[in-house]
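J.: I'd like to go over a predicted model; first the sequence, then the structure.
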Amino acid sequence: MPEWETVIGLEVHAQLSTDSKIFCGCTTRFGAEPNTHTCPVCLGLPGSLPVLNKKVVEYTLRMALATGCRIAPVSLFARKNYFYPDLPKNYQISQYELPLAEAGFVEINTGGTVKRVGLTRIHMEEDAGKLIHDETQPVSYVDYNRTGVPLMEIVSEPDLRTSEEAGEYLRRLREILRYLGICDGNMEQGSFRCDANISLRPRGETRLGTKIELKNMNSFRHVEKALEFEIRRQQAVLEDGGRLVQETRLWDAARGTTQTMRGKEEAHDYRYFPDPDLVPIVVAAEWIEEIRRNLPELPEARRKRFGSQYGLAENDAEALTSAKDLADYFEATARRHPQPKIVANWIMVELMRELKRDEREIEACPVPPGQLAALLDLIQSGVISGKIAKAVFEEMYRTGEDPQTIIDRRGLVQVTDSGAIGAVIEEVLSAYPDQVAAYRGGKVKVFGFFVGEVMKRTRGQANPKMVNELLKQKLGSEGV
């Protein structure tokens with residue numbers, strides 16, 4: 001029985017974050033009433049002519065430069081012909097033989113190994129409409145609001161070998177898009193969509209096996225699960241002596257299986273030809289260089305800098321740079337409280353826990369960097385303990401108040417008076433003579449019990465370091 005090698009290539013459609021559509025002035029805003037963001041151009045009415053949105057070209061060039069692509073001196077729009085209710089013109093304006101960019105790459109890290117995934121091409125196209133199926137009767141409706149929304153299609157080489165690599169590639173791609181500010185990466189709203197091409201071949205074979213296309217995957221996890229299922233299915237067919245048929249299959253998340261949708265179309269099925277209504281795109285070298293100069297620091301470069309500049313561990317730098325706004329938040333806080341490791345820990349543990357519970361992104365965080373830095377300053381100066389700080393932070397997150405206001409209102413200032421702490425320690429030791437005897441008899445674990453009692457009686461406000469020091473002095477004294 002041969003050992004099988006999986007070959008995966010991904011086609012990603014990223015909706016570009018422009019205000020208007022690719023060939024008309026209609027808004028791209030999501031969530032409007034059906035068929036209210038349309039005009040004769042995006043509806044393909046007779047006599048209407050498309051006009052290219054320059055911002056779409058700029059955004060596509062940003063991605064092309066960020067991924068090391070070769071920019072074509074001349075590129076063309078083509079008509080991709082097919083008949084479907086959500087396509088009012090009965091063709092989609094896309095790019096085929098002469099795309100805007102080719103031959104780039106994205107680096108991924110799986111299992112500690114860096115792998116370069118090639119990009120075949122990056123091109124521009126318009127989106128189709130949306131079909132809405134009535135579950136109560138055999139009727140479907142069409143919403144054309146999405147028709148003409150600008151998409152950038154990013155086609156990878158068949159360089160991926162596992163579902164984990166595919167998931168990592170998609171995460172890296174989405175990171176770059178969001179850092180560039182050209183796509184929000186929202187998979188639930190359809191602004192970041194993925195189709196996967198997968199085949200199996202005997203290990204050592206160079207020819208590709210029969211390609212199956214997978215659609216309807218709206219999360220990274222669904223992509224990984226669909227690929228895992230399809231690998232098992234194809235392997236079972238081949239090992240039983242069966243023959244795979246090139247086709248398109250849909251991922252059924254509820255059943256955890258893929259189902260046949262239709263036979264896979266080839267390029268000739270779409271009868272591509274240059275769009276006669278759109279002139280060739282010629283991009284000036286000066287414009288390309290201007291865009292290159294204005295590219296932001298990209299995720300991988302920022303990860304490396306966080307390690308060298310702030311001394312962060314690789315995993316911490318990875319977590320903090322996973323989103324540009326999160327990395328910005330960390331740096332803004334670290335500028336005000338220059339202890340980056342402490343800042344990183346508070347963001348990754350306390351802050352991220354609250355955001356995850358509320359299903360908020362960092363952009364909607366109610367605690368600005370300056371307030372978090374002020375809280376950390378109060379811990380460092382001994383005004384409050386770390387334990388009290390956590391309670392203060394929770395209230396800051398709920399109310400938006402600054403830490404000092406909360407501390408003053410609730411009387412949470414840390415007790416650092418050795419006399420006051422010593423008096424509480426005397427009370428505790430007098431109340432638990434058996435535990436004192438046990439400690440002095442060698443049961444050192446009892447020490448934690450005493451610390452807990454002192455902190456409880458001081459409502460957590462006693463300075464923990466002083467509590468430990470004074471307890472050791474008292475327990476080592478005679479006559480206690």
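T.: That came through fine.
J.: how about low-confidence regions in the stretch 151-300 of the chain?
T.: Screening the stretch 151-300 of the chain residue by residue with the criterion pLDDT under 70, one finds the ranges 263-268.
J.: And E453, its phi and psi?
T.: Geometry field for E453 lists phi and psi as phi -70, psi -40, criterion degrees, to the nearest 10.
J.: Now it. Nearest residue, chain neighbours left out?
T.: Closest residue to E453 apart from its sequence neighbours, by C-beta to C-beta, 6 or more residues apart in numbering: V428 at 4.6 Å. C-beta here means a position set from N, CA and C on the backbone, and glycine is covered the same way.
J.: hang on, Y84 in a helix?
T.: No. Using DSSP: H, G, I helix; E, B strand; the rest coil, the assignment for Y84 is coil, not a helix.
J.: ok, how many other residues are close to the spatially closest residue to it that is not a sequence neighbour?
T.: Take Y84 and drop its neighbours on the chain: the residue closest to it by C-beta to C-beta, 6+ apart is A128, 7.3 Å away. The local packing of A128 (other C-beta atoms under 10 Å) involves 21 other residues.
J.: who touches A128 in this structure?
T.: Taking C-beta atoms under 8 Å, 6 or more residues apart in numbering, we find A128 in contact with Y84, D86, L87, Q92, R146, T147.
J.: for V467, same thing?
T.: I421, I425, V451, V454, M455.
J.: same deal with I291?
T.: Taking C-beta under 8 Å, 6+ apart as the definition of contact, the neighbours of I291 are E58, L61, R62, L65.
J.: What helix or strand is it located in?
T.: Counting by DSSP states H and E, the secondary-structure element that holds I291 is helix 285-293.
J.: which parts of that helix are buried?
T.: Within helix 285-293, the residues that count as buried by 16 or more other C-beta atoms under 10 Å are I291.
J.: after it, next one along is what?
T.: The helix or strand immediately downstream of helix 285-293 is helix 299-310, counting by DSSP H and E.
J.: next helix or strand past that following helix?
T.: Beyond helix 299-310 in the direction of the C-terminus, DSSP H and E gives the next helix or strand as helix 314-320.
J.: K215: which of the contacts of I291 is nearest?
T.: Closest to K215 out of the contacts of I291 is R62 (27.2 Å), distances taken as C-beta to C-beta.
J.: Give me the three-state assignment for that closest one.
T.: Going by three-state DSSP: R62 is helix.
J.: and the residue nearest to it when sequence neighbours are not counted, how many residues sit next to it?
T.: Excluding the flanking residues, the one nearest R62 by C-beta to C-beta, 6+ apart is L180, at 4.9 Å. Residue neighbour count, defined by other C-beta under 10 Å, stands at 18 for L180.
J.: do the same with T67
T.: Summarising burial for T67: neighbours were counted as other C-beta under 10 Å, giving 22.
J.: low pLDDT regions in the stretch 301-450 of the chain?
T.: Within the stretch 301-450 of the chain, the stretches with pLDDT under 70 are 411-420.
J.: all helices of it, in order?
T.: In the stretch 301-450 of the chain, the helices defined using DSSP state H, counting those that start in this stretch lie at 314-320, 324-336, 340-346, 352-358, 369-380, 386-399, 403-410, 418-431, 433-440, 446-457.
J.: Now do the fourth one: everything it contacts.
T.: Outside helix 352-358, the residues within contact range by C-beta under 8 Å, 6+ apart are E361, I362, C365, E394, Y397.
J.: State whether the first one and Y329 are indeed in contact, as I suppose.
T.: So the one you mean is E361. No. The pair E361 / Y329 is not scored as a contact, 10.7 Å apart, by C-beta atoms under 8 Å.
J.: Those two: which is more packed in?
T.: A direct count of neighbours by other C-beta under 10 Å for E361 and Y329 places Y329 higher, at 22 against 11.
J.: Please look at the more buried one and I362 and confirm they touch.
T.: Yes. The pair Y329 and I362 passes the contact test of C-beta under 8 Å, sitting 5.5 Å apart.
J.: Same list, the contacts of V467, but as a markdown table with distance to H123 please.
T.: Compiled in a markdown table, those are given as follows (distance: C-beta to C-beta, whole Å):
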| residue | distance to H123 |
| --- | --- |
| I421 | 70 |
| I425 | 73 |
| V451 | 65 |
| V454 | 68 |
| M455 | 63 |
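J.: Name the nearest of these relative to R255.
T.: Using C-beta to C-beta as the measure, the one of the contacts of V467 that approaches R255 most closely is M455, at 53.0 Å.
J.: who's the closest residue to that closest one other than its chain neighbours bridged to?
T.: Nearest non-adjacent residue to M455, counting by C-beta to C-beta, 6+ apart: A462, 6.0 Å away. Going by DSSP bridges, A462 is paired in beta bridges with V415.
J.: So for A462, what's the pLDDT?
T.: A462 carries a pLDDT value of 70.
J.: Identify the single longest strand in the protein, thanks.
T.: When secondary structure is assigned using DSSP state E, the longest strand within the chain turns out to be strand 113-126.
J.: What strands line up against that one, and which way round?
T.: Strand 113-126 has its sheet partners listed here by DSSP bridges as strand 101-110 (antiparallel), strand 150-156 (antiparallel).
J.: Residues touching the last one, excluding its own?
T.: When you say that, I think you mean strand 150-156. Residues external to strand 150-156 that are found in contact with it (C-beta under 8 Å, 6+ apart): 9-16, 18, 21-22, 28, 53, 56, 59-60, 63, 94, 106, 117-127, 169, 173, 182-183.
J.: at 7 Å what do you get?
T.: Contacts of strand 150-156 with the rest of the structure, by C-beta atoms under 7 Å, 6 or more residues apart in numbering, involve 9-16, 18, 21-22, 53, 56, 59-60, 63, 117-127, 169, 173.
J.: Buried ones among those residues?
T.: Applying 16+ other C-beta under 10 Å to these flags 9-16, 18, 21-22, 53, 56, 59-60, 63, 117, 119-127, 169, 173 as buried.
J.: And C183, which helix or strand is it part of?
T.: Element membership of C183 [criterion: DSSP H and E] is none; it lies in no helix or strand.
J.: Now that it has come up, it's in contact with L173, right?
T.: No. Between C183 and L173 there is no contact, the gap being 9.7 Å when judged by C-beta atoms under 7 Å.
J.: ok so, going back, buried deepest among the strands paired with strand 113-126, which one?
T.: Burial of the strands paired with strand 113-126 is given as mean neighbour count (mean count of other C-beta atoms under 10 Å); strand 150-156 ranks first at a mean of 24.
J.: Pull up the distance across stretch 25-33, start to finish.
T.: The first and last residues of stretch 25-33 sit 18 Å apart, counting by C-alpha to C-alpha, to the nearest Å.
J.: I'd like the mean pLDDT over it, please.
T.: 90.
J.: Quick one: low-confidence residue ranges for the stretch 1-150 of the chain.
T.: 1-2.
J.: which residues touch G118?
T.: F105, S156, E157, D159.
J.: Next: Q95.
T.: Contact criterion C-beta under 7 Å, 6+ apart gives S75, L76, F77, A78, H123, M124, E125 as the residues in contact with Q95.
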